[in-house]
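Undergrad: Generate coordinates for the sequence data below:
(chains A and B)
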2 protein chains.
Amino acid sequence: MNKIVSGLVQKNKTKIVLVVLDGLGGLPVNGKTELEAADTPYMDAVAKTAACGLHIPVALGITPGSGPGHLALFGYDPVECQIGRGVLEVLGLGLEVKKTDVAVRCNYATVKDGIVTDRRAGRIPTDQSGKLTEKLRAGIEKIDEAGITFAAGMEHRFAVLLRFPEPLEPDAAMISDTDPQKEGQRPLYPTPLSKNAERVSRIVEKLINAIHEILKDEKTANYALMRGFSKMPHIPTFQEAFGLNALAIATYPMYRGLARLVEMDTPVIEGTVQDEIDFLKGNYDDHDFFFLHVKKVDSYGEDGNFPEKCRRIEEFDALLPQILELDPDVLIITGDHSTPAVLKGHSWHPVPVLLKSPYVLGGLCTGFSERECTKGELGIFRTVHLMPLALANAGRLKKFGA
Amino acid sequence: MNKIVSGLVQKNKTKIVLVVLDGLGGLPVNGKTELEAADTPYMDAVAKTAACGLHIPVALGITPGSGPGHLALFGYDPVECQIGRGVLEVLGLGLEVKKTDVAVRCNYATVKDGIVTDRRAGRIPTDQSGKLTEKLRAGIEKIDEAGITFAAGMEHRFAVLLRFPEPLEPDAAMISDTDPQKEGQRPLYPTPLSKNAERVSRIVEKLINAIHEILKDEKTANYALMRGFSKMPHIPTFQEAFGLNALAIATYPMYRGLARLVEMDTPVIEGTVQDEIDFLKGNYDDHDFFFLHVKKVDSYGEDGNFPEKCRRIEEFDALLPQILELDPDVLIITGDHSTPAVLKGHSWHPVPVLLKSPYVLGGLCTGFSERECTKGELGIFRTVHLMPLALANAGRLKKFGA
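TA: Numbering: from 1, shown residues only, chains lettered A, B, ... in the order given. A predicted model of the protein is given here:
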């Protein structure tokens, strides 16, 4: 389908704004969802004349991670374009991942007499683990032809990026995990699962030994277990796929990383949602697609904090008039997945969406909420179709067939 | 999916009537769509007890041409069964296309000293171009083993059909366009893009030279540029796919051509919608599926003429009781795509549909319109699923699995 869409793309001067309130969808507490309980006069007003509906990031019943959720919003089928855990981890820690790189999630662990006695090295504190990672960085810069970069994570977690001089074969990172997943066993050997992975796996073996050599005198964190060896997926850029010059406005590294996967412009931005909107205004002329990411809605959902999730939705709503003033040709407000406070985590529930454009029916919803969106003209659809719909409403797609 | 449906088909004496109000779907002007603004008491009454919904010909956001729109209504996936531009052009000019044929869109052009100086030969008037086509017809009847048929079009346009003695390989018409798309360049060579296309391309080359030989003394239209070399798609006939003996009732050649693609009976019919309905009545006993096409709804949508599009919808509505009197087992009223007057062209918007049969829920919609159909029991679904639904309601599909 994506190939068909790409073949129909035509360019014009329109502007598309995609606002992602991370984890927007919710579930009722005392009869109302977060979005229903929140006081959102501006989104409600827009929803009345917009095209509304609910979208499903992966499939009914499937809870998406942030990666699949965003890739689907960006118009890529998240089942076809799977992002490795290593790549996601590294993106989340703020590193750039290139087509020449292999990314790996790592744990500091305790190994005694060749046996893993603690897979998490006693969950060492983040500052202590950070110092160890600094030590690794100082001691290991290159193994054979691969440049090595370490990124510190929370507690016992860190990540490694192996950068090769040239792009790798698609299956070059198919290497088995070294984490045995149980204490009392030996660390596993990094086995290449394809012919093309042999070169990388030989370097990984040397890397594991080099890390152990540096850490061997540590009391607990004397070893590194590795999981999720992965490369960047081979996907067309956003520009190639949709002919759009896109700007990502996100304050969290993970979401900038996801935008960078499809080669949106992704400047490092810090601050509040107001700062993000200021950045949108300041850069409105230079791009034709804007991905504006609001993180905190999800964070409070994950914490199970219903009232604070509502407050963060209200905070965005109060700022919405500033985006409406820009008068984009197409404005979409939605989430990348649901994060109901009652579930304290991502969920499988379809995500409410509104699409404002001159070319919609409208008039079917009295406000913006999960239940009102079930009445909308967009119905319940797979998230991957949202981008073609945005392009169509912006006059950016030619007719299919004669 | 189609194979599964075909495997479940069982025959009976039921009648299915599919009314296609071309380009039916619309968008609001002063708050009401064409279908909402039109006074349609009969369709509204049927919608109240019918199964209603909205269908998507290709995918969300994709605007279908007439070809994909109709193929989907006929139960064929328009993404899998793509029809070449040459075939569509020839069908539109009223010629029959067989499995032995290669169809080509042509322009009369001006070529001087081997350079295209006008791709459209000054947009010569239709009557003049018709005379030239007559000249070609008289001069060229056969090239090698291929019979040659010319069809005159509007202004500088015409079409050619090459008929071979036997059916051709699926890729036998994969030949590059000879139209350079820009003035000041040489006409391109008709290059075969597959091994099987070499034979056809050799004949095309001779044809281009033969045409130039006849036209060479013309002042402007002294050359033919060719595009969209194509064959009939390899698809099962309507009878093979659904076990239905179908009659197409359409006054425009293009739609008869589309019906002929799947081998419906397609007599040449002229006149008004009343004439079409008279034809339906007169031939009701001899067939079990009827495709009745009403063109003018789309035409006025394309013109951006909102009130006249409404009037054409009303015109059909007033005639609907005559169809209801026939009491078909299944009656479907819908469009092949939307053509909102505000957009002056086809659009991506889902198309309202009502399906009248004894085996529906009904009672969900107060009338027939885009917005009422969002409340219907059929939801929003891909058009290709409409035919199985029609067959099921006619008792023409067995159970799948035990």
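Undergrad: Can you tell me, leaving aside adjacent residues, what's nearest to A:Glu145?
TA: Nearest non-adjacent residue to A:Glu145, counting by Cβ to Cβ, 6 or more residues apart in numbering or on different chains: A:Pro165, 5.7 Å away. Using the backbone N, CA and C atoms, a C-beta is placed for each residue, glycine as well.
Undergrad: Can you pull the phi/psi pair for the one you found?
TA: Torsion angles at A:Pro165 (phi, psi; degrees, to the nearest 10) stand at phi -70, psi -20.
Undergrad: cool, and the one 4 residues further on?
TA: The phi/psi pair for A:Glu169 (degrees, to the nearest 10) reads phi -60, psi 150.
Undergrad: Which residues are in contact with the nearest residue to it once chain neighbours are set aside?
TA: Using Cβ to Cβ, 6+ apart and skipping residues adjacent in sequence, the residue nearest A:Glu169 is A:Asn196, 4.0 Å away. With contacts defined as Cβ atoms under 8 Å, 6 or more residues apart in numbering or on different chains, the neighbours of A:Asn196 are A:Leu168, A:Glu169, A:Pro170, A:Asp171, A:Ala172, A:Met174.
Undergrad: Compute the distance between the closest residue to chain B within the stretch 101-250 of chain A and A:Pro388, please.
TA: For the stretch 101-250 of chain A, the residue closest to chain B is A:Phe242, as judged by Cβ to the nearest Cβ, at 11.0 Å. Applying Cβ to Cβ, to the nearest Å, the value for A:Phe242 to A:Pro388 is 9 Å.
Undergrad: now A:Phe289
TA: For A:Phe289, the distance to A:Pro388 - Cβ to Cβ - is 13 Å.
Undergrad: what do you get for A:Leu225?
TA: 42 Å.
Undergrad: Find the residues that touch each one of A:Phe242 and A:Pro388.
TA: The contact lists of A:Phe242 and A:Pro388 share A:Val5, A:Gly75, where a contact means Cβ under 8 Å, 6+ apart.
Undergrad: where's A:Ile277, which helix or strand?
TA: helix A:273-282 (DSSP states H and E).
Undergrad: who's in contact with that helix?
TA: The contact list for helix A:273-282 (Cβ under 8 Å, 6+ apart) reads A:17, A:249-251, A:267, A:269, A:290, A:292-294, A:296, A:315-316, A:319, A:322-323, A:326.
Undergrad: Let's see that with 6 Å instead.
TA: A:Ile249, A:Ile269, A:Phe290, A:Leu292, A:Val294, A:Phe316, A:Leu319, A:Gln322 (Cβ atoms under 6 Å, 6 or more residues apart in numbering or on different chains).
Undergrad: Save these as TSV, and put in neighbour count, distance to A:Thr237 and secondary structure too.
TA: Conversion of these to TSV gives the following (neighbours: other Cβ atoms under 10 Å in any protein chain shown; distance: Cβ to Cβ, whole Å; DSSP: H, G, I helix; E, B strand; the rest coil):
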residue	neighbour count	distance to A:Thr237	secondary structure
A:Ile249	27	18	strand
A:Ile269	16	21	coil
A:Phe290	24	16	strand
A:Leu292	21	20	strand
A:Val294	27	24	strand
A:Phe316	24	28	helix
A:Leu319	16	30	helix
A:Gln322	13	29	helix
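Undergrad: ok, these vs A:Tyr359, which is closest?
TA: Taking Cβ to Cβ as the measure, A:Tyr359 sits nearest to A:Phe290 out of the contacts of helix A:273-282, at 19.6 Å.
Undergrad: before we move on, back to that, closest one to chain B out of the contacts of helix A:273-282, please.
TA: A:Phe290 (18.7 Å).
Undergrad: Which strands or helices does the host helix or strand of A:Ala109 pack on?
TA: Using DSSP H and E, A:Ala109 sits in strand A:101-112. For strand A:101-112, the elements it packs on are helix A:85-92, strand A:115-118, strand A:157-163, strand A:223-230, judged by 3 or more Cβ pairs under 6 Å, 6 or more residues apart in numbering or on different chains; DSSP states H and E.
Undergrad: Mind putting those into JSON lines with mean neighbour count?
TA: Formatted as JSON lines, the helices and strands packed on strand A:101-112 follow (neighbours: other Cβ atoms under 10 Å in any protein chain shown):
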{"stretch": "helix A:85-92", "mean neighbour count": "25"}
{"stretch": "strand A:115-118", "mean neighbour count": "18"}
{"stretch": "strand A:157-163", "mean neighbour count": "23"}
{"stretch": "strand A:223-230", "mean neighbour count": "24"}
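Undergrad: Which of the ones you listed comes out lowest on mean pLDDT?
TA: Confidence, taken as mean pLDDT, is least for helix A:85-92 of the helices and strands packed on strand A:101-112 (a mean of 87).
Undergrad: so is the closest residue to chain B within the stretch 251-400 of chain A in a helix, a strand, or just coil?
TA: For the stretch 251-400 of chain A, the residue closest to chain B is A:Pro388, as judged by Cβ to the nearest Cβ, at 3.1 Å. Recorded secondary structure, A:Pro388: helix (DSSP: H, G, I helix; E, B strand; the rest coil).
Undergrad: Burial check on it, number of neighbours?
TA: The local packing of A:Pro388 (other Cβ atoms under 10 Å in any protein chain shown) involves 25 other residues.
Undergrad: average model confidence for the strand or helix carrying A:Ser129?
TA: A:Ser129 belongs to helix A:126-139 when assigned by DSSP H and E. For helix A:126-139, mean pLDDT is 96.
Undergrad: Stretch A:93-103 too?
TA: pLDDT averaged over stretch A:93-103 gives 89.
Undergrad: Now do the phi/psi pair for the nearest residue to A:Leu54 once chain neighbours are set aside.
TA: Leaving aside its sequence neighbours, A:Leu54 sits nearest to A:Pro350 (Cβ to Cβ, 6+ apart; 3.6 Å). Main-chain torsions, A:Pro350, degrees, to the nearest 10: phi -50, psi 150.
Undergrad: ok, A:Pro350 - contacts?
TA: Here A:Pro350 is in contact with A:Leu54, A:Ile56, A:Ile380 (Cβ under 6 Å, 6+ apart).
Undergrad: Now with 8 Å, please.
TA: Counted by Cβ under 8 Å, 6+ apart, A:Pro350 has contacts A:Gly25, A:Leu54, A:His55, A:Ile56, A:Ser338, A:Glu370, A:Ile380.
Undergrad: So what's the residue count around A:Asn393?
TA: Neighbour count of A:Asn393, defined by other Cβ under 10 Å: 25.
Undergrad: thought A:Phe164 was touching A:Val102?
TA: Yes. Between A:Phe164 and A:Val102 a contact is recorded at 7.5 Å, counting by Cβ atoms under 8 Å.
Undergrad: okay, these two: which has more neighbours?
TA: Legend: neighbour count by other Cβ under 10 Å for A:Phe164 and A:Val102, higher for A:Val102 (28 against 20).
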